[in-house]
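Novice: Prediction below, plus the sequence it came from.
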Amino acid sequence: MEFIELQATIRKETGNGPSRVLRRAGRIPAILYGPKTDPVMLSVGVKDLEQILKNRKFGQIFLNLVIQNGPYATKSAIVKEFQTHPVTGKYIHIDFYEISMDRKIKVKVPVVTKGRSQGVEFGGMLQVIRRDLEILCLPTQMPESIEIDISNLQMGESIHVNDITLMDGIEIVADDDVTVVTILSPKAEKVKSEEGEEGAETEEEVESGGK
């Protein structure tokens, strides 16, 4: 696990006006919070943030936030959420969540399949229902991905949350019967496709007044 340093400054003004001023200056508003942390209003450099997100190897990013103005402080944090502009796609706000090495956190980890299913060999189709799963673990335990071996998966069979084995101390935050991956039979796929076509025809009939 690698922590990446990111410079941050405390901001005292909030609202749309000050936020626009920040963005014009090449910065975006941010907030740092946590279970034992009072919310701190921050701003970070857009280019610094983009470089970090560009070079990330997997979903979660661990940061050392270096707060430059006011009392000097370095906070360990993860990127909890970021907002982008709906048209330009540019970052407009980011949430940081302070972490502690001895306190469990909830994070989303991508699901990766391993092997080639026997069901696929006989004409079935692999469908990944959950592209990522939320887990509860210590920061030092967080895996880069959850690897699922599908080699023995037959047509019509599925792998659920309770079928996945992780190292001690890591818990998947989902019901045991939640389906993660499944192998669809050609017949089931055909029925699914036909249902979609029937739905499309119904919409066309509605638009044409049922004629």
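Specialist: Nice, thanks for sending it over. Numbers count the residues shown, from 1 in each chain.
Novice: domain parsing for the protein?
Specialist: What the record gives for the chain is the domain set 3-98, 105-205, from automatic domain parsing.
Novice: now the end-to-end length of the first one.
Specialist: With Cα to Cα, to the nearest Å as the measure, the ends of domain 3-98 fall 13 Å from one another.
Novice: From residue 44, how far off is residue 82?
Specialist: To residue 44, residue 82 is 11 Å away according to Cβ to Cβ, to the nearest Å. Glycine gets a C-beta too; all of them are placed from N, C-alpha and C.
Novice: Residues that sit against both of those two, list them.
Specialist: Common contacts of residue 82 and residue 44 (Cβ atoms under 8 Å, 6 or more residues apart in numbering): residue 94.
Novice: okay, these two: which has more neighbours?
Specialist: Residue environment comparison for residue 82 versus residue 44 gives the larger neighbour count to residue 44, 22 against 15, counting by other Cβ atoms under 10 Å.
Novice: Return the residues in contact with that one.
Specialist: By Cβ under 8 Å, 6+ apart, the residues touching residue 44 are 6, 7, 8, 9, 27, 28, 30, 94.
Novice: Same check on residue 181?
Specialist: 111, 113, 126, 127, 128, 129, 130, 148, 150, 153, 158, 159.
Novice: Turn the residues you listed into TSV, including secondary structure and pLDDT.
Specialist: Output for the contacts of residue 181, formatted as TSV (DSSP: H, G, I helix; E, B strand; the rest coil; pLDDT from 0 to 100):
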residue	secondary structure	pLDDT
111	strand	95
113	strand	95
126	strand	94
127	strand	95
128	strand	95
129	coil	96
130	coil	96
148	strand	96
150	coil	95
153	coil	93
158	strand	96
159	strand	97
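Novice: farthest-separated two in those?
Specialist: The largest separation in these, counting by Cβ to Cβ, is between 130 and 153 at 15.0 Å.
Novice: Which of the two has more residues huddled nearby?
Specialist: A side-by-side neighbour count of residue 130 and residue 153, using other Cβ under 10 Å, places residue 153 first with 23 against 18.
Novice: nearest spatial neighbour of that one, skipping sequence neighbours?
Specialist: Sequence neighbours aside, residue 117 is the residue nearest to residue 153 in space, at 4.3 Å (criterion: Cβ to Cβ, 6 or more residues apart in numbering).
Novice: Fine, thanks again, bye for now.
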